[in-house]
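Based on what follows, work out the 3D shape:
(chains A, B, C and D)
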There are 2 protein chains.
Amino acid sequence: MPITKVNDDELLDRLTAVFRMYGYEGASLSRISEATGLQRASLYHRFPGGKEEMAKVVLERAGKWLSDRVLAPLSGPGKPEERIRKMAKELHIFYGGGKNCCLLDSLSFGVEDNEIKSHVRGGMGAWVECLAKVAREAGVPAKKARQQAQDAIGRIQGSLVIARVLKDYGAFERTLLELPDVILGRK
Amino acid sequence: MPITKVNDDELLDRLTAVFRMYGYEGASLSRISEATGLQRASLYHRFPGGKEEMAKVVLERAGKWLSDRVLAPLSGPGKPEERIRKMAKELHIFYGGGKNCCLLDSLSFGVEDNEIKSHVRGGMGAWVECLAKVAREAGVPAKKARQQAQDAIGRIQGSLVIARVLKDYGAFERTLLELPDVILGRK
DNA sequence: ATTATTTAACCGAACGTTCGGTAAAATAAT
DNA sequence: ATTATTTTACCGAACGTTCGGTTAAATAAT
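All right, here's what the predicted structure looks like:
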């Protein structure tokens, strides 16, 4: 088997960056080709399903990253607050200190309810459920736990929008610090 | 002069909806044409500057709407908290109860720092400044006021992302109710 | 020699844009 | 009041470019 020009991990990293930056429609094959160093046809060799498969794989990988690195600490040992702080630390890496857009935001535009949007919805739904579980463990009633989990993720998303538009990453940092209070409902 | 097929206001309403829904690159002339009922060439009669002009005009109009309807109550009479509650009421209309995406989010993707992105940045900057001013009037120190204003807008944006992805508008409603506390710093 | 990978060349379709022309309202001249 | 002219609004067709996607030859490791 001949050597690959770009290994899978590096390829997916660059692909992810393009989708994050431009959204689905803005991520043209030209931009992808330039970012990955592979010609169109090579990309179709790696992803026979074309652009849609690229987006799906990228989404699944980001979801796995989220599960393994960000959400894992939530199921670990320690007090709920400590676990959430661990998650915040991982989130800081995940979003590059606020400089990386969120795929769930970038890929959620457009009306046509395609498979990608359902992936996006599923990913965020799982995230909400995971945070809500921690809140419930800390004694928060189920309904309230769900709301607080949603609010927490909403705040993260919002601070990323602020970061993208204003190029000001302070709100993102502050949001991460406040996560325990938001999720556990200590106002 | 022949009668217009679509009057300016209606035309801009539909244009706005397309940009909100699909973002700049996703808002193709075909989609715009379909949504407005005007053929490509007719659109270029109304907007000689093409798609970019359309986006600019839409942004400016949304900015004016925001100034006139949403931010105006902030400079009106009444206690700061009441004024903010009035703003929240107008925001609810502005974003259609959370069903409308925010143009500032939709149009902020892509790296190339073009004129549109600078419009977007300016619009959000003005919004932040306006909220910060109210906070300062209520006795909040300047730096803290700016942070709280940013956080408030961030929360709005985030709840809109939640709404778009999960089709759950509860977080948006909750966010609007909490705006006075966030802006005035009552945790 | 076989097989996996990349590339150059190419496809039809859609992109944003422009052009020539038609229909109708507004204006000017009679 | 009627006619001729100009202006405004719109559209069909085409522009060159780029889109996402395909084919077949070249390349390189096994």
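
only C-alpha atoms for contact and neighbour calcs from this point on.
OK.

contacting residues around A:Y95?
Applying C-alpha atoms under 8 Å, 6 or more residues apart in numbering or on different chains to A:Y95 gives the contacts A:C101, A:C102.

quick one: contacts for the residue in chain A that chain B sits nearest to?
In chain A, no residue comes nearer to chain B than A:G158, which is 3.6 Å away by C-alpha to the nearest C-alpha. A:G158 sits next to B:I153, B:G154, B:R155, B:I156, B:Q157, B:G158, B:S159, B:V161 when contact means C-alpha under 8 Å, 6+ apart.

could you redo the last one with a cut-off of 7 Å?
B:G154, B:R155, B:I156, B:Q157, B:G158 (C-alpha atoms under 7 Å, 6 or more residues apart in numbering or on different chains).

can you tell me how far the residue nearest to it when sequence neighbours are not counted sits from DNA strand D?
Excluding the flanking residues, the one nearest A:G158 by C-alpha to C-alpha, 6 or more residues apart in numbering or on different chains is B:G158, at 3.6 Å. Going from B:G158 to DNA strand D by C-alpha to the nearest atom of the strand, to the nearest Å gives 27 Å.

Let me know the angle separating the helix or strand harbouring B:G158 from helix A:142-166.
Assessed by DSSP states H and E, B:G158 sits inside helix B:142-166. Angle, helix B:142-166 to helix A:142-166, by axes from the mean of the first three to the mean of the last three C-alpha atoms, to 10 degrees: 110 degrees.

got the buried residues for helix B:142-166?
B:144-166 (16 or more other C-alpha atoms under 10 Å in any protein chain shown).

For it, give the mean pLDDT please.
Helix B:142-166 shows an average pLDDT of 98 in the prediction.

Could you grab the helix/strand/coil label for the closest residue to A:A35 other than its chain neighbours?
Setting aside the residues directly before and after it, A:A35 is nearest to A:R14 in space (C-alpha to C-alpha, 6+ apart), at 6.2 Å. On the three-state scheme (DSSP: H, G, I helix; E, B strand; the rest coil), A:R14 is labelled helix.

Could you give the number of residues near A:D168?
If you count neighbours by other C-alpha atoms under 10 Å in any protein chain shown, A:D168 ends up with 17.

Remind me which helix or strand it belongs to.
Counting by DSSP H and E, A:D168 is part of no helix or strand.

List the contacts of it.
A:I162.

ok, residues contacting the helix or strand just after the helix holding B:G158?
Using DSSP H and E, the helix or strand that follows helix B:142-166 towards the C-terminus is helix B:170-184. Residues outside helix B:170-184 that contact it (C-alpha under 7 Å, 6+ apart) are A:150-151, B:81, B:84-85, B:88, B:98, B:135, B:138, B:148-149, B:152, B:155-156, B:159-160, B:187.

any idea how far B:T4 is from A:R20?
40 Å (C-alpha to C-alpha, to the nearest Å).

Is the residue nearest to A:A35 in contact with A:L38, as I believe?
No. Judged on C-alpha atoms under 7 Å, A:R14 makes no contact with A:L38 at a distance of 11.0 Å.

give me the low-pLDDT residue ranges for chain A?
In the predicted model of chain A, residues A:1-4, A:111 satisfy pLDDT under 70.

hey, where'd the helices end up in it?
A:8-26, A:29-36, A:40-46, A:50-65, A:80-94, A:103-106, A:115-137, A:142-166, A:170-184 (DSSP state H).
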